[in-house]
Structure formats: structure tokens, C-alpha cells
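Colleague: The amino acid sequence is not available; the structure is as follows:
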């Protein structure tokens with residue numbers, strides 16, 4: 001906004017889907033206690049107030065490369081068998097936090113001030129995890 005002190009926050013997001021299996025333990029959740037599949041959808045949203053010299057917050061191709069690698073890690077797997085879930089319920093909350101941690105490790109853009117991972121396990125149920133740069 002010309003002539004004002006208002007600042008903008010930009011968000012760029014990429015969404016992918018994958019199928020993975022899991023089961024929950026430690027409680028009585030009916031069929032969720034048995035091995036079953038979900039058709040997950042994951043969305044990564046990067047936020048920041050500064051664009052680069054090309055007018056990008058982050059190049060979408062870079063986001064796609066990172067999210068594709070993460071989705072490939074989980075696709076068609078039994079989440080309970082993965083080391084990151086050892087002894088932990090593979091809830092969508094935890095899975096979204098693992099996506100977030102991996103994304104922060106692979107992100108090279110200094111423009112990003114926050115990342116939100118939103119993960120659906122079906123059409124009506126989702127969880128998200130958000131972190132701001134400190």
C-alpha cells in the first residue's frame with residue numbers, strides 16, 4: 001500500500017495426496033485399532049512478508065520438490081513401522097508435525113517466516129501444525 005505503514009503477508013501453498021496405512025493403540029477406538037488405510041491430503045503453506053527479486057516468496061517448484069520427497073517417504077507405507085513413529089500413535093497431528101520438521105530442514109529460503117502443514121485423513125477430518133521462525 002503506497003503511503004501507509006501497512007504490511008502484507010504472502011502465503012504460497014502446494015497440496016499433494018497419498019495413501020498410507022496405520023493403526024492406533026493405547027485406547028479403544030474401534031476400527032482405528034486395526035490396520036487400515038487413509039487417503040491423506042497434505043498442504044504446505046509458506047508465509048512471509050518479503051518477496052525475492054523475482055516476485056516470489058518461494059519458487060513453487062522448490063516447494064513441490066520438497067513435498068514430493070516427503071510424500072514419497074510415506075506413500076503406501078505402514079506408518080507404525082516407520083522409525084519416527086516408534087512407540088507413538090501415528091495420528092494426523094503427529095504426521096503433520098513430522099512433515100513440518102522435515103520441511104524446515106529442507107527449506108533454503110530466508111523469506112519464509114512461518115510454515116503451516118494441514119493434513120486431511122478424509123474429506124471431513126484434518127489437523128494442522130504451524131511454526132514461526134524465531
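Modeller: Noted; the coordinates are in hand. Quick caveat: nothing in here was measured; it's all calculated off a predicted structure.
Colleague: any weak-confidence spans in the protein?
Modeller: 1-6 (pLDDT under 70).
Colleague: what ranges do the strands span in it?
Modeller: 10-22, 36-48, 114-120, 126-132 (DSSP state E).
Colleague: From residue 108, how far out is the residue most central in space within the chain?
Modeller: The centre of the chain sits closest to residue 117, judged by C-alpha atoms, centre = their mean, with a distance of 3.3 Å. Applying C-beta to C-beta, to the nearest Å, the value for residue 117 to residue 108 is 18 Å. C-beta here means a position set from N, CA and C on the backbone, and glycine is covered the same way.
Colleague: what does residue 90 give?
Modeller: 29 Å.
Colleague: more neighbours, the two?
Modeller: Neighbours were counted for residue 90 and for residue 108 using other C-beta atoms under 10 Å; residue 90 has more, 23 against 8.
Colleague: still on that earlier bit, of all the strands of the chain, which one is nearest residue 56?
Modeller: strand 10-22 (7.6 Å; C-beta to C-beta).
Colleague: just the angle between that closest one and strand 114-120, please?
Modeller: Angle, strand 10-22 to strand 114-120, by axes from the mean of the first three to the mean of the last three C-alpha atoms, to 10 degrees: 40 degrees.
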